[in-house]
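Enquirer: here is my input, please return the structure:
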Amino acid sequence: MKAMAIVPGTGGSRMIERPEPAITQPDEVKLRVLDVGVCGTDREELAGGRAQAPDGQRELVIGHEMLGQVVGTGSAVARVQVGDFAVFTVRRGCGRCASCAMGRSDMCQTGAYRERGIKGLDGYQAEYVVDRERYAVRAPAALASIGVLVEPLSIVEKALDEALRLQVVRRPDAATEPDWLVGRRCLVAGLGPVGLLGAMVLALRGAEVYGLDVVDAESARPRWLSVVGGRYIDGREVPADRVQAAVGPMEMIIEAAGVAALEFNLLDALALNGVYVLTGVPGGSRPLTIPGAQLVRQLVLGNQVMLGSVNAARGHFQMAVDDLERAGARWDGHVQRLITRYPVAQF
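Expert: Next up is the predicted model:
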C-alpha cells in the first residue's frame, strides 16, 4: 500500500510502499483511511523538526488527525463493526506509570509515551491502518464529512475540561451552577482550526465568545466565527494588553496561537479568579523578555490560574464526537467549511 513518509530531522516527504497491515490479535481493528488532517505539527515535521521514527526504522509515516472506515475486526472487538466510521487516538502509554495504566497516556508521568505519526510509531497517512480496539472511537455516519476534525477538537475538549474542573474546585459559584459557562465572557486567541473549534464548543455551552487574531474582519476565519455567534477582535487594532480596556475582562481564555509574546500579554485580559489555558506550542528558540514581577503579582493578587494542556484521552475524543454532532445539527453544513481538501498527490 502507499503511505506518506518523512525521514526525521530532514526536510520534505515522499510517497513510499509499505505492506498492508493485517489483523493479528482478537482486539484489533483495521480501518481504510478516508481523511488525514495536516496541522502545525505535520508542518514542523516536514521542515525537519520534532519527529522520531519507530525503533529500527529510518522513515516515519506521518499523520495523526484521521478518519477511517472499519474493514475488519478481531474476534473480541465489540465497540465497532465493519462499515462503521471511526478514528484512532494518537498517544500510546509508556507502560510504566499509573496514568498510562489508567488509560490516561495524555498525562504520562515518564515522558516515555509514543505517538502515532509523531514519536516512535507510524501514523495514518496510509491507505490502511490497524490498532487495538481501546484506541478506536466510533463516529456516526452523520460525521462522515467532518470526522477528521475529531482529533483537533479533542485537544479543545481536554483543555476546556481541565479548566472547568479547576474552576469548580476553586470557585464556589462554579460548584453550584449546572453549567458555569453560560453567559461567561470567554476569549479564544488564534483562529486556526483548533481556535475556531474552541469557539464553537464554547458557543455550544452558552458562553459569550470572542475571537482574537490578526486578519481582516471580512476574511474567512472571522466570518466562520461570526456564524457560531462569536465576536471578532482584530489584534492589530486591539493588542492583547488592551483587550480588557477595549472589550472587558475575560473569565476564561483559550490560547491556540502558539506565539509566546501573545501568550503572556493575554494575561492582561484575564478577569479576577479567571482561568487561562495554553494549547499552542511556540516555534523556535528565540528568548523572550517579560516583566516577571508584574506577571506573578497579577496571578497571585488576581487569584488566577494559567495552565498548559496537550494531547487528549479517549474520553475527550468521545466528547469531540458528541460536540461535532451537536454542532452539525445546530449549524447545518457550516462545520464543513473548516476543511479544505487536497488529493494525496498534492501533499
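Enquirer: how near is the residue nearest to residue 126 when sequence neighbours are not counted to residue 67?
Expert: Closest residue to residue 126 apart from its sequence neighbours, by C-beta to C-beta, 6 or more residues apart in numbering: residue 3 at 3.8 Å. (Each C-beta comes from the backbone N, C-alpha and C, glycine too.) Here residue 3 is placed at a distance of 17 Å from residue 67 (C-beta to C-beta, to the nearest Å).
Enquirer: for residue 247, same thing?
Expert: Distance from residue 247 to residue 67, by C-beta to C-beta: 37 Å.
Enquirer: and those two? Which one has more around it.
Expert: residue 67 (25 against 16; other C-beta atoms under 10 Å).
Enquirer: where does the nearest residue to the more buried one once chain neighbours are set aside land on pLDDT?
Expert: The shortest distance from residue 67 to any non-neighbouring residue, by C-beta to C-beta, 6+ apart, is to residue 147 (3.8 Å). Predicted confidence (pLDDT) at residue 147: the value is 97.
Enquirer: how many other residues sit next to residue 147?
Expert: 25.
Enquirer: could you dump the longest helix seen in the chain to PDB, C-alpha only?
Expert: Counting by DSSP state H, the longest helix found in the chain is helix 150-170. Taking Å, rounded to 0.1, in the frame of the first residue of the first chain, the C-alpha atoms of helix 150-170 are listed here in PDB:
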ATOM      1  CA  VAL A 150     -12.400  14.800  16.000                       C
ATOM      2  CA  GLU A 151      -8.700  14.800  16.900                       C
ATOM      3  CA  PRO A 152      -8.100  18.600  16.900                       C
ATOM      4  CA  LEU A 153     -11.400  19.100  18.700                       C
ATOM      5  CA  SER A 154     -10.300  16.600  21.300                       C
ATOM      6  CA  ILE A 155      -7.400  19.000  22.200                       C
ATOM      7  CA  VAL A 156     -10.000  21.700  22.900                       C
ATOM      8  CA  GLU A 157     -12.200  19.300  24.900                       C
ATOM      9  CA  LYS A 158      -9.400  18.300  27.200                       C
ATOM     10  CA  ALA A 159      -8.300  22.000  27.700                       C
ATOM     11  CA  LEU A 160     -11.900  23.000  28.500                       C
ATOM     12  CA  ASP A 161     -12.500  20.000  30.700                       C
ATOM     13  CA  GLU A 162      -9.300  20.800  32.800                       C
ATOM     14  CA  ALA A 163     -10.200  24.500  33.100                       C
ATOM     15  CA  LEU A 164     -13.800  23.800  34.200                       C
ATOM     16  CA  ARG A 165     -12.700  21.200  36.700                       C
ATOM     17  CA  LEU A 166     -10.300  23.700  38.200                       C
ATOM     18  CA  GLN A 167     -12.900  26.400  38.400                       C
ATOM     19  CA  VAL A 168     -15.400  24.000  40.100                       C
ATOM     20  CA  VAL A 169     -12.800  23.300  42.800                       C
ATOM     21  CA  ARG A 170     -11.700  26.900  43.200                       C
END
